[in-house]
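> Take a look and give me a structure for this.
(2 chains)
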Amino acid sequence: NAGVTQTPKFQVLKTGQSMTLQCAQDMNHEYMSWYRQDPGMGLRLIHYSVGAGITDQGEVPNGYNVSRSTTEDFPLRLLSAAPSQTSVYFCASSETGTGEEKLFFGSGTQLSVL
Amino acid sequence: QQPVQSPQAVILREGEDAVINCSSSKALYSVHWYRQKHGEAPVFLMILLKGGEQKGHEKISASFNEKKQQSSLYLTASQLSYSGTYFCIHRLRGKLIFGQGTTLQVKP
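Numbers count the residues shown, from 1 in each chain, chains lettered A, B, ... in the order given. Alright, predicted model coming up:
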């Protein structure tokens, strides 16, 4: 029973490089989301999805793309990394996203952009 | 809009009590509470779904006042393991939004 799996755990990029953070869940959850957490701050919502083929922007979507082609996977793409995107990224899922069930979190990805 | 938490930080001695508040400028239908330890993902504590509903988790409980658009988390007889950052989450227009967090430090 894996839950929410995020890869990689650590990543260092140079400014302008692109990369994809992977997130997969095996609980058949409809709702998946990406948050970023900066030092001393709460988690801020980047993008979220309420089902395959449906995505929407969160609080801080600029510089990030997402897609949801399957229920299980919700990758986050950085097209041209910037130092301001240095952060810890968490993927989270819940059964429906109505706010009535708990969020399950991945273990996080620490990203540094030089 | 982000839920507003208060206080921002609390320092306690073991065995003392604490209250963390979470308020919203919008109508609330549910509130989540999570605790995060340094370098780890947030861990679920409880969800409150109805106004006035109180839930408990060990010696941690919470209340939810729909009318006042606020929730409070109560930590009684605090233990060293309670140290961490506490977050409330509310659902706004389909988005699950975190408060800025309250850092709790419990000292021996």
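> In chain A, what residue comes closest to chain B?
As assessed by CB to the nearest CB, chain B sits closest to A:Gly99 within chain A, at 3.2 Å. The way it works is simple: take the backbone N, C-alpha and C, and place the C-beta from them, glycine included.
> Would you mind confirming that that residue makes contact with B:Arg91?
Yes - contact criterion CB atoms under 8 Å: A:Gly99 and B:Arg91 qualify, at 3.2 Å.
> The chain: strands as residue ranges?
Using chain A here. A:4-7, A:10-13, A:19-25, A:31-37, A:43-51, A:54-57, A:64-66, A:76-78, A:87-94, A:104-105, A:109-113 (DSSP state E).
> switch to chain B, that's the one I care about
Per DSSP E, chain B carries strands over the ranges B:4-6, B:9-13, B:18-23, B:31-36, B:43-48, B:55-57, B:60-65, B:70-75, B:84-92, B:95-98, B:102-107.
> any idea which of the ones you listed scores lowest on pLDDT?
Mean pLDDT is lowest for strand B:55-57 among the strands of chain B, at a mean of 67.
> show me what contacts the residue of chain A closest to chain B?
By CB atoms under 8 Å, 6 or more residues apart in numbering or on different chains, the residues touching A:Gly99 are B:Tyr29, B:Ser30, B:His32, B:Ile89, B:His90, B:Arg91, B:Leu96.
> pLDDT value on it, please?
We note a pLDDT of 75 for A:Gly99 in this prediction.
> could you list every residue that touches A:Ser87?
By CB under 8 Å, 6+ apart, the contact list for A:Ser87 reads A:Arg36, A:Gln37, A:Asp38, A:Leu111.
> Can I get the buried part of these as one ChimeraX selection?
Remark: buried members of those, expressed as a ChimeraX selection using 16 or more other CB atoms under 10 Å in any protein chain shown:
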select /A:36,37,111
